[in-house]
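Peer 1: generate a structure from the sequence data that follows.
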Amino acid sequence: MASQINIPELQRALGGLMDSALMPEQWDGTLEAISRATGSVGTHIMPVRGKFEAGVLTTPNFLDAFDIYFSEGWYKRDFRERGLQIGLTKGVVIEHDIATSSDFSQHAFYADFLARFGMRYSAMVLFQARGTTLSINLQRGIHDAPFDRNDEAALLGMQSSLSSAAELVRTLDAAKVGGMGEAFDMTAAAAIFFDRKGRITHLNARAEGLLDEEIRIAGGELFTLKQSEAAQLQRQVLSAADGALFIELPAIRITRTGKPPLVARVQKLQGFAADLFAHSSVVALITDLGERDGPSIELLRSTFSLTPQEATVARLLLDGSSPREIATICGLQYETARGYVKRVLSKTGTQRQAQLIALLSGLKP
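Peer 2: Numbering: from 1, shown residues only. From the prediction side, this is the model:
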């Protein structure tokens, strides 16, 4: 039987990958062209491990299927994952490598999920992007012919173009992150960037200036004086990477000996290409309470006879933090933090946070 892969058409379609890397809005058209050239009903790209909803590039006709794929948990029991070792060895996996005729009719992934959308046969081409293994999955329908051994050479020829495009996207994304870091420097904000696995990918100059014997980086991880604080930061980074774009996470205190604490706030970045090739996925913005514009903690202490903890609370109130945020940052119970707030208001002769901010803003740093 003649191959359903149109080699000249596939080569033209693969030529669109680099354009898509530069102009992400072209991904839909490029994937649709690859789908047509390979005799597929649809195509998608995803990581082979650690699948996540924002990490899928797909032809638009598969969007509904992917909603079900994740919402019903099929991504955790994808039958085709049994072919990953084969794919890592030879670069391509077809249905003949992993499934039999009885699997198509009896296994839930084929009978209950793929059949729901009129799909059955697939081929996976694995490729690399800076240590991450991805795959492009070509999907055919129930009434189509499966990919066969004669198709494997043509499919394997896709690897180089796919890897080159993925590397270009990551390079562009890295440049964007570097530019963001410089922008944060200009606003006196320290920024630490992380990938989806929680590894540090970039620090701006302000963040590098905070490193010392107590706060250091080793093996792509942040180590702090209190490792419970570093562990909390790591949990938030991973949560932000897998969560919604604008997920709100509480501030984290980072303790320092003989210095006011640092405050870290974690947020997700919006990367190129649905985060699939993103160089960095999360940023932690670090505030040094001892260096913010406005009165220093020492000035607050001497002016209003505040204790060190009261002065720290006053500084956080000036920055707009709520009593609940202050409790989180300072490692206090909520009621204890409220008590400190009341004492600060009393000692400064103010009754509300707005009055306190107006008063403290008039002090020279």
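Peer 1: quick one: the one residue sitting closest to the centre of the chain from Phe52, how far?
Peer 2: The C-alpha lying nearest the average C-alpha coordinate of the chain belongs to Ser281 (Cα atoms, centre = their mean; 3.0 Å). When distance is defined by Cβ to Cβ, to the nearest Å, Ser281 is 10 Å away from Phe52. No exception for glycine: its C-beta is placed from N, CA and C like everyone else's.
Peer 1: kindly report the same for Thr312.
Peer 2: From Thr312 to Phe52 the distance is 38 Å (Cβ to Cβ).
Peer 1: try Arg170
Peer 2: 17 Å.
Peer 1: same deal with Gly39?
Peer 2: Applying Cβ to Cβ to Gly39 and Phe52 gives a distance of 29 Å.
Peer 1: for Asp103, same thing?
Peer 2: Going from Asp103 to Phe52 by Cβ to Cβ gives 27 Å.
Peer 1: neighbour count winner among these two?
Peer 2: Taking neighbours as other Cβ atoms under 10 Å, Asp103 and Phe52 compare with Phe52 leading, 18 against 14.
Peer 1: for that one, which non-adjacent residue is closest in space?
Peer 2: Nearest residue to Phe52, sequence neighbours excluded (Cβ to Cβ, 6 or more residues apart in numbering): Asp242, at 5.8 Å.
Peer 1: now swap in Ile192 and tell me
Peer 2: Going by Cβ to Cβ, 6+ apart, Ile192 has Ala284 as its nearest residue, at 4.7 Å.
Peer 1: before we move on, back to that, wouldn't the residue nearest to Phe52 be in contact with Glu53 here?
Peer 2: No. In this structure Asp242 lies outside contact range of Glu53 using Cβ atoms under 8 Å: 9.0 Å.
Peer 1: could you report the distance from Arg80 to Ser361?
Peer 2: Counting by Cβ to Cβ, the gap from Arg80 to Ser361 is 61 Å.
Peer 1: which one's more surrounded, those two?
Peer 2: Arg80 (20 against 11).
Peer 1: quick one, what contacts the more buried one?
Peer 2: By Cβ atoms under 8 Å, 6 or more residues apart in numbering, the contact list for Arg80 reads Val93, Ile98, Phe109, Ser122, Met124.
Peer 1: now Gly50
Peer 2: For Gly50, counting by Cβ under 8 Å, 6+ apart, the contacting residues are Arg196, Lys197.
Peer 1: so what's it scoring on pLDDT?
Peer 2: We note a pLDDT of 76 for Gly50 in this prediction.
Peer 1: quick check, it in a helix?
Peer 2: No. Per DSSP: H, G, I helix; E, B strand; the rest coil, Gly50 lies outside any helix segment and is coil.
Peer 1: quick check: phi and psi on it?
Peer 2: Note on Gly50: backbone dihedrals following degrees, to the nearest 10 are phi 70, psi 50.
Peer 1: against Gly87, how distant is it?
Peer 2: Distance, Gly50 to Gly87, by Cβ to Cβ: 16 Å.
Peer 1: just Asp148 next, same as before
Peer 2: From Asp148 to Gly87 the distance is 16 Å (Cβ to Cβ).
Peer 1: can you pull out the helices in the stretch 101-250 of the chain?
Peer 2: 101-106, 108, 152-156, 159-186, 205-208, 227-242 (DSSP state H, counting those that start in this stretch).
Peer 1: just so I know, which of those helices lies nearest Phe70?
Peer 2: Among the helices of the stretch 101-250 of the chain, helix 227-242 comes nearest to Phe70, with 11.6 Å by Cβ to Cβ.
Peer 1: for the record, mean pLDDT for that closest one?
Peer 2: Helix 227-242 comes out at a mean pLDDT of 89.
Peer 1: stretch 120-137 too?
Peer 2: Rounded mean pLDDT across stretch 120-137 is 88.
Peer 1: list the buried residues for that stretch?
Peer 2: 120-127, 129, 132, 134-137 (16 or more other Cβ atoms under 10 Å).
Peer 1: ends of that stretch, what's the gap?
Peer 2: 12 Å (Cα to Cα, to the nearest Å).
Peer 1: ranges for the strands of this structure?
Peer 2: 42-47, 57-58, 92-94, 119-129, 132-141, 190-194, 200-203, 216-218, 221-223, 252-254, 262-268, 282-288 (DSSP state E).
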